[in-house]
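S.K.: need a structure here:
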Amino acid sequence: DVSDIDPDYYVLFGPARASTLEECKVLCVSTPDCRGVDFSESGCQVWTRDGGILSTSSEKGSVCLTYEPFQTVDGGTDRECKSDGVNLLDSFIFYDAALAPSLQICKQRCAARANSSLTTQTQDVCKGISFNESGCVVWLVGIQGSTASEGNTCLRFEPFIDINGGQDQSCRGAHVFDDSSLHYTSFSRSEVLTLGECRSKCVEISGCRGIEFNQQDCRVWLKVEGIGTTVQQVGSICLRFGSPDPFRAASAFDPVDGGLHRACRGANESDNSEAHWKFHSISEVRTLEACEMRCIFTAGCVGIEFNRWGCEVWMRSGGIETSVYAPGYQCFRYEPFRSADGFDDRACRGANIDDNNGEHFTAYLTSSSFDGTLLDCKRLCTTTSSCKGIEYLNGRCEVWTRSAGIGATAPALGLQCLRYEPFLNVEGGIDRACRGADPFDDWPSYYTLTSTSSVQECQQLCMGTVGCNGIEYSRDGRCELWTRDRGIGSSASSVGSICMRYGSWD
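M.R.: Just a heads-up that it's a prediction; the model follows:
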């Protein structure tokens, strides 16, 4: 009923994690047992209650949506799923009744595989389920149809999210002009008659990142980086398939309009004043990674531009606001400060909410060494050895250097608590394993092995580990905390892993 509201029914994410309804939906899709969302300006509730959302109450500014990504195939009930028949033994995973005693748990098995970091290969994620009293089949290939089979249930897994509202939106890649036909496979309306059939095409095709459905065709998007944005186009619908790859958001360097073939600009596309950046020639800075390192160790850096002539370290106070097309150029914003818990009005704490030991931080008031702004508070952190983050209130800055980092927060009106997370990809990062001096140098003594549920948790452990200079994280949860004296010097190919350097002053 309307009074049945228990905090145990949902996971609450703050505005820093979900500032829009679409971001709230992404958090739901990324949660295997999500049953719906409640979104408002105060945050995003991802509901995981076993019975789901059964009723609502009136509340101004709130949006309540149920989530059901499993769609019936030919009615679903008393139907057995039928695949394309290729490599049948590798087409599914079977869980017996002890491991999947109910249809809901079977659904969770599917969603967990789709959202877990088990693989970068989308052909290995769940495409649907078959369920009966014997157990649960999680299908790893597209379900082409079904056959009559008493007691069986056949469901496709279709976790689609509308982008920028979805309706009257045409999909684009990194920016609004990025509409290359290489990004998608097109099917005519004679081949695909309805939006439902277009969605099914996406589920069937390995590597699908989303769809656009319009009056002319059904476009199944295969661009590895996914659909980045949309433009308004009457009659088109743009939907993202599944949740974004967390590896692509793990670096402190964020591509501007896709990053590749983009030159950085200030307030507008013609704003390229030399006062915005410091130039390092290609003889000094030979790689993108070396350019990123220059940024990390330059106080006030807000981003980089890298090209065949060298590296621009941008220090414009207003940041990099836009970019222009420029073949061979790359543009990235640098933002290593992230909300400690996703909420505003938070004070930093140590091991727990009561741990505010003065030895954990150095406090600054407005003076000749600190101008009282958040930007200058961040500067103090980036130029302080072992800085783990900051607490800021107008005119006051705490630079936290507690060896185990910021472990908790406490409600405090007007304050901000931000962790300092200067992680960058080593040789591209994704599908790379960390190494020492060369690609064959992989002594176990270089790292401490543990396991975490996400790359972000692995990063947090590194920040709280004395001497940690980087991580290797695998999609099966393996987390290596690298403490080699000379750091991570190289990497090797390893599908499903990411190698990141922790660019602290240590």
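
S.K.: can you give me the helices in the stretch 301-450 of the chain?
M.R.: For the stretch 301-450 of the chain, applying DSSP state H, counting those that start in this stretch gives helices covering 374-382.

S.K.: got it, and the stretch 151-300 of the chain?
M.R.: Using DSSP H, counting those that start in this stretch, the helices of the stretch 151-300 of the chain run over residues 195-204, 288-296.

S.K.: so can I have a markdown table of those showing mean neighbour count?
M.R.: (Each C-beta comes from the backbone N, C-alpha and C, glycine too.) Shown next, in a markdown table, are the helices of the stretch 151-300 of the chain (neighbours: other CB atoms under 10 Å):
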| stretch | mean neighbour count |
| --- | --- |
| helix 195-204 | 20 |
| helix 288-296 | 21 |
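
S.K.: let me know which of the ones you listed is the nearest to residue 159.
M.R.: Closest to residue 159 of these is helix 195-204 (CB to CB; 9.5 Å).

S.K.: quick one: contacts for residue 336?
M.R.: Contact partners of residue 336, counting by CB atoms under 8 Å, 6 or more residues apart in numbering, are 252, 296, 382, 420-423.

S.K.: related to what we said a few turns ago, of the helices of the stretch 151-300 of the chain, give the one that comes closest to residue 413.
M.R.: helix 288-296 (32.6 Å).

S.K.: tell me what that closest one is packed against?
M.R.: Helix 288-296 makes packing contacts with strand 303-307, strand 310-314, strand 322-334, strand 423-435 when contacts are defined by 3 or more CB pairs under 8 Å, 6 or more residues apart in numbering; DSSP states H and E.

S.K.: for it, what is the distance to the chain centroid?
M.R.: Relative to its parent chain, helix 288-296 has a centroid offset of 22 Å by CA atoms, centre = their mean, to the nearest Å.

S.K.: ok, of the contacts of residue 336, which one's closest to residue 15?
M.R.: residue 421 (18.7 Å).

S.K.: so who does the closest one touch?
M.R.: By CB under 8 Å, 6+ apart, residue 421 lies in contact with 252, 336-338, 459, 463.

S.K.: still on that earlier bit, turn the helices of the stretch 151-300 of the chain into CSV, including mean pLDDT.
M.R.: As requested, the helices of the stretch 151-300 of the chain are exported to CSV (pLDDT from 0 to 100):
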stretch, mean pLDDT
helix 195-204, 90
helix 288-296, 94
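
S.K.: can you select the buried ones from the contacts of residue 421 in PyMOL?
M.R.: In PyMOL syntax, the buried subset of the contacts of residue 421 is picked out as below (16 or more other CB atoms under 10 Å):
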select buried, resi 252+336+337+459+463
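
S.K.: from residue 99, how far out is residue 131?
M.R.: 12 Å (CB to CB, to the nearest Å).

S.K.: and those two? Which one has more around it.
M.R.: Each of residue 131 and residue 99 has its neighbours counted (other CB atoms under 10 Å); residue 131 has more, 27 against 12.

S.K.: the more buried one and residue 97, how far apart?
M.R.: According to CB to CB, residue 131 and residue 97 sit 10 Å apart.

S.K.: likewise residue 459?
M.R.: For residue 459, the distance to residue 97 equals 38 Å [CB to CB].

S.K.: just residue 294 next, same as before
M.R.: Applying CB to CB, the value for residue 294 to residue 97 is 58 Å.

S.K.: before we move on, what about residue 270?
M.R.: Taking CB to CB, one finds residue 270 at 66 Å from residue 97.

S.K.: and those two? Which one has more around it.
M.R.: residue 97 (14 against 10).

S.K.: centroid residue for the chain?
M.R.: In the chain, the residue lying closest to the centroid (CA atoms, centre = their mean) is residue 246, at 3.3 Å.

S.K.: hang on, the earlier thing: and the contacts of residue 421 as CSV, adding pLDDT and distance to residue 154?
M.R.: Shown next, in CSV, are the contacts of residue 421 (pLDDT from 0 to 100; distance: CB to CB, whole Å):
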residue, pLDDT, distance to residue 154
252, 96, 44
336, 96, 47
337, 96, 48
338, 95, 42
459, 96, 40
463, 92, 46
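
S.K.: just the contacts of residue 421: which are in strands?
M.R.: 337-338 (DSSP state E).

S.K.: got TSV for the contacts of residue 421, with distance to residue 497 too?
M.R.: What follows is these, written out as TSV (distance: CB to CB, whole Å):
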residue	distance to residue 497
252	19
336	22
337	26
338	23
459	14
463	20
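
S.K.: what's the most distant pair in the contacts of residue 421?
M.R.: Spatially, the most separated pair among those is 337 and 459, at 13.6 Å (CB to CB).

S.K.: need the helices of the stretch 151-300 of the chain in TSV (columns: distance to residue 302).
M.R.: Below are those laid out as TSV (distance: least, CB to CB, whole Å):
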stretch	distance to residue 302
helix 195-204	37
helix 288-296	8
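
S.K.: tell me which of those helices sits nearest to residue 214.
M.R.: Of all the helices of the stretch 151-300 of the chain, helix 195-204 sits nearest to residue 214, with 9.7 Å by CB to CB.

S.K.: contact partners of the closest one?
M.R.: For helix 195-204, contacts defined as CB under 8 Å, 6+ apart pick out 71, 84, 127-128, 142-144, 156-158, 160, 187, 192, 208, 210-211, 213, 218, 220, 237, 239, 241.

S.K.: just the buried ones from those residues?
M.R.: Using 16+ other CB under 10 Å, the buried members of the contacts of helix 195-204 are 71, 127-128, 142-143, 156-158, 160, 187, 192, 208, 210-211, 213, 218, 220, 237, 239, 241.

S.K.: report the contact partners of residue 261.
M.R.: 325-330.

S.K.: just the buried residues of these.
M.R.: The buried subset of these (16+ other CB under 10 Å) comprises 329-330.

S.K.: for stretch 67-84, the distance to its chain's centre please.
M.R.: The answer for stretch 67-84 is 29 Å, by CA atoms, centre = their mean.
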